[in-house]
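Enquirer: structure of the sequence below:
(chains A, B, C and D)
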There are 2 protein chains.
Amino acid sequence: MISQKCQYALRAVFELARQAGQGPVKIGRIAEAQAIPVRFLEAILNQLKQGGFVNSRRGQEGGYFLVHDAGKLTVGQVIRFFEGPIGPVGCTDGKNKPRCPLWGSCVFLGMWERVGQAIAEVYDGTTFTDLLEQEKALTSAGCKIKSR
Amino acid sequence: MISQKCQYALRAVFELARQAGQGPVKIGRIAEAQAIPVRFLEAILNQLKQGGFVNSRRGQEGGYFLVHDAGKLTVGQVIRFFEGPIGPVGCTDGKNKPRCPLWGSCVFLGMWERVGQAIAEVYDGTTFTDLLEQEKALTSAGCKIKSR
DNA sequence: CGCATTGTCTACTATGTCAATTGACTACGT
DNA sequence: ACGTAGTCAATTGACATAGTAGACAATGCG
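Expert: Got it, this is the predicted structure:
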C-alpha cells in the first residue's frame, strides 16, 4: 500500500511538472491545486528537496521547482524514496534485511518476487510527462470535471 | 504490503494443503512446521474458518482441514479475505469507499489500476497446488535447506 | 534600513493498526 | 469424568502515520 504521504508527494511533484518553466511555485498554490494540508506538504517538500528531486527559492517571489526534467523522472523513483524497496513483502530484498525463519524453503518467495517485478515495471515505466499527457486526455474528452 | 497475519494465514493454508487426506491437523503441528506463534495462529484459523476456507474437529483426534480442494483455492482468495481489495491505494474501488477530493481528475488513477490488475493476476493465478509443486522443485534440486 | 513574504527547522501529539498475549470457556472421544 | 483440543473476547505494547505548532532564516521591495 502506498502511504498518504507518498501520494501527496507524487501529486506535489506532478503539480510542479505542470507548472514548470513559469518560475518557482508557491507552497500554497501546490497545496490548493492538489488538496494537500499546507503544513504537512511543507515537510514533504522538504524531504523531496533532500532527496534531490526539487529545489527552492526563498523570499518574495520564492517557491519550489523541479531539479530534473519531468520526462526523466519516473513515479518509481519517488515511491522508492518514500517507501523503500517496492514489493508486497519485506523478505524479498534478499541481502540485507531480517530474514524470516523459513528462508530458502519458503514456497511463496517466487510469487512475491513476480508480483514485485510486475509492480516495479509499471512504476518505473511511468514518467511525469506521461502523466501530463494523461491529464490532457482527461480534460479533453467530456470528463467528470465538467459534467458535475 | 501484505501483513504478517495474512502471510501466516497463507502458510497455514499451505500446510493444510500439504497434509490433506491424512485427517485433521493439530494447531500445534501447523505452528511448528510454519514457524507461527501458536496462540496467534489460533485466531487466524478461527478467521479462516469463518471465511469458509477451513473446518475443524474437536476432541482427542481433532484439528483443522481444508474445506475445498487445494487446486481450486487461490492465493488471491485468501489475501482478499484478510486484506480487502487488492491494489496499491484505497481509491481504486470506485463505488463504495471514501472518494478522494480529486475524484475524476486524478491523473494517477489509471496507473494505480494497472498495478492492481497486475498484482491480482499473479495472486489469482496461483493455486495452492501450484505451491505444492513449487515445493517439490525446491527440495529436489540441491537447495539451501541441505547445503546450509 | 525595515518590513512583509516565503521557505526552513525541530519538536510534538493525536490516531490507528498490527502483532501478539491472556484467561476463561466449550466440545469431543475414550 | 477426564484430558485433549478448539473457541471466544478483551487487552496490551510497539510502532508508523497523519497532521500540528511555533520559532527561525533568507529574500526582495520601498
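Enquirer: so is stretch A:12-19 next to DNA strand C?
Expert: No: contact of stretch A:12-19 with DNA strand C is not found when judged by Cβ under 7 Å from any atom of the strand; the minimum separation is 11.1 Å. Just so you know, the C-beta spots here come from the backbone N, C-alpha and C atoms, and that holds for glycine as well.
Enquirer: that stretch and chain B, are they touching?
Expert: Yes: using Cβ under 8 Å from any Cβ of the partner chain, stretch A:12-19 reaches chain B at residue A:14.
Enquirer: which residues touch that stretch?
Expert: Residues from elsewhere that reach stretch A:12-19 (Cβ atoms under 8 Å, 6 or more residues apart in numbering or on different chains): A:25, A:29-30, A:33-34, A:36, A:41, A:44-45, A:48, A:53-54, A:64-66, A:70, A:73, A:78, A:128-129, A:131-132, A:135, B:107-108.
Enquirer: out of these, which are buried?
Expert: A:25, A:30, A:33-34, A:36, A:41, A:44-45, A:48, A:53-54, A:64-66, A:70, A:73, A:78, A:128, A:131-132, A:135, B:107-108 (16 or more other Cβ atoms under 10 Å in any protein chain shown).
Enquirer: so which of the contacts of stretch A:12-19 are also by DNA strand C?
Expert: A:45, A:64.
Enquirer: from the contacts of stretch A:12-19, which land in helices?
Expert: A:29-30, A:33-34, A:41, A:44-45, A:48, A:78, A:128-129, A:131-132, A:135 (DSSP state H).
Enquirer: TSV for the residues you listed, including distance to residue B:5 and pLDDT?
Expert: Formatted as TSV, those follow (distance: Cβ to Cβ, whole Å; pLDDT from 0 to 100):
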residue	distance to residue B:5	pLDDT
A:29	42	95
A:30	37	96
A:33	39	94
A:34	34	94
A:41	33	97
A:44	30	96
A:45	35	96
A:48	33	96
A:78	29	97
A:128	36	98
A:129	40	98
A:131	35	97
A:132	40	96
A:135	39	93
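Enquirer: against residue B:17, how distant is the residue lying farthest from the centre of chain A?
Expert: Each residue of chain A has a distance to the centre, and by Cα atoms, centre = their mean the biggest one is for residue A:105: 34.6 Å. Computed as Cβ to Cβ, to the nearest Å, the residue A:105 to residue B:17 distance reads 16 Å.
Enquirer: I'm done for today, thanks for sticking with me.
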